[in-house]
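Q: mind folding the following:
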Amino acid sequence: MKNINAILEEYNQLGIGEQIDYAKFYLYSIITHSTAIEGSTITELENRLLFEEGIGAQKPLMEQMMNLDLKAAYAQSIVYAQKHADYTVDLLCGLSALVMKNTGSEYSTMLGNFSAAKGELRLLNVSAGIGGRSYLSYQKVPERLAEFCQWLNAERGSIDQDNIEQVYDLSFEAHYRLVIIHPWADGNGRMSRLVMNMIQYEFGVIPSIVKKECRKQYINALEQSEEADCSKTFKTFMLQHHCNNLLKQIEEYKQSMGDVPHSAKERGTIDGTMALRIIETLESDPSITMDNLSQTLGIARRTLVRYMNKLQDENRIKRIGGRRYGHWEIIRQQIPPLLEKQ
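A: Sure, this is the predicted structure:
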């Protein structure tokens, strides 16, 4: 299978992320699958109606509130990501309060009362189901969560932002470490996935979606890593799962475009005049999106993708950086004389 860099290169070349409302609907998918991992039965279409039209599904009210709360938490997390805000215990508890706002319970213990709906740290010990492993003692949670924030801030400060694999590795490691601490009485899974995505949003990579169809494999990978006291198994699963999800999106996009050919042999020849127009447009606006380029040239996006791929195959143009912050570079010495201006 292709590595993550090769997959993302094809993903970006096809312009999948530049489709209308892509970011919004991708976020809806993240939310839908994250709550589904916790038992929600609400579909992406039902969430779309709930989020945009306020139309509730014929599903339990608790499930609808769970999805609305997680949407609000993601909206706030993206703001933090854009500001490169440092992680603190208060910030994480504030996000947890949003996640659990309408579904969190009040707890009464010998040490006092606390509220999951307010994002307060647990004052009791918890385990993973009947006979499951016990998580960190509640007395150690505040200190360990503070240490987690210090570790994550240091890693964010030293990470190579252009190293996509490093960004994903950090996000998966943060997910794993937060689960191990299990700071809250409820909502730890949703919070761990949110923090993972928050890191990915901050560094401009495509956020990971843990698909509900792979819930069992996801939990098994977490359990295996916890038993081994090593995150490797979990991180390997997460990267493979993310790659599989992106490859599926690529295949679905190609099918929707009429199976756009993508090998150099299949693309054949392209018109020299149109090639020159593309190169001139890219030269004047290297950061232009595929949609705007298609409109400027007056050709279908499918046709444009074929031209762009062919020009890259012939080493006439080169993509520098990712979809969000990248740009096109013209490789002048490789342009045949007949394409140069007369």
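
Q: check which element follows the helix or strand of the chain with the lowest mean pLDDT along the chain.
A: Here the helix or strand of the chain ranked lowest by mean pLDDT, DSSP states H and E is helix 264-267, holding a mean of 41. The helix or strand immediately downstream of helix 264-267 is helix 272-284, counting by DSSP states H and E.

Q: restrict that next one to CA atoms and write it as CSV.
A: The C-alpha atoms that make up helix 272-284 are tabulated as CSV, following Å, rounded to 0.1, in the frame of the first residue of the first chain:
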residue,chain,number,x,y,z
GLY,A,272,-0.3,22.6,-26.3
THR,A,273,-2.4,25.8,-26.2
MET,A,274,-4.3,24.7,-23.2
ALA,A,275,-1.1,23.5,-21.5
LEU,A,276,0.4,27.0,-22.1
ARG,A,277,-2.7,28.7,-20.6
ILE,A,278,-2.6,26.5,-17.5
ILE,A,279,1.1,27.3,-17.0
GLU,A,280,0.6,31.0,-17.5
THR,A,281,-2.3,31.0,-15.0
LEU,A,282,-0.3,29.1,-12.4
GLU,A,283,2.6,31.5,-12.9
SER,A,284,0.5,34.5,-12.2
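
Q: how far is that helix from where the chain is centred?
A: Averaging C-alpha positions (C-alpha atoms, centre = their mean, to the nearest Å) puts helix 272-284 33 Å from its chain's average.

Q: could you pull up the residues touching residue 237?
A: With contacts taken as C-beta atoms under 8 Å, 6 or more residues apart in numbering, residue 237 has the following neighbours: 217-218, 221. Every C-beta, even on glycine, is put in place using the N, C-alpha and C of the backbone.

Q: again, 6 Å this time
A: For residue 237, the set of contacting residues under the criterion of C-beta atoms under 6 Å, 6 or more residues apart in numbering consists of residue 221.

Q: what about it, distance to residue 224?
A: Per C-beta to C-beta, to the nearest Å, residue 237 is found 9 Å from residue 224.
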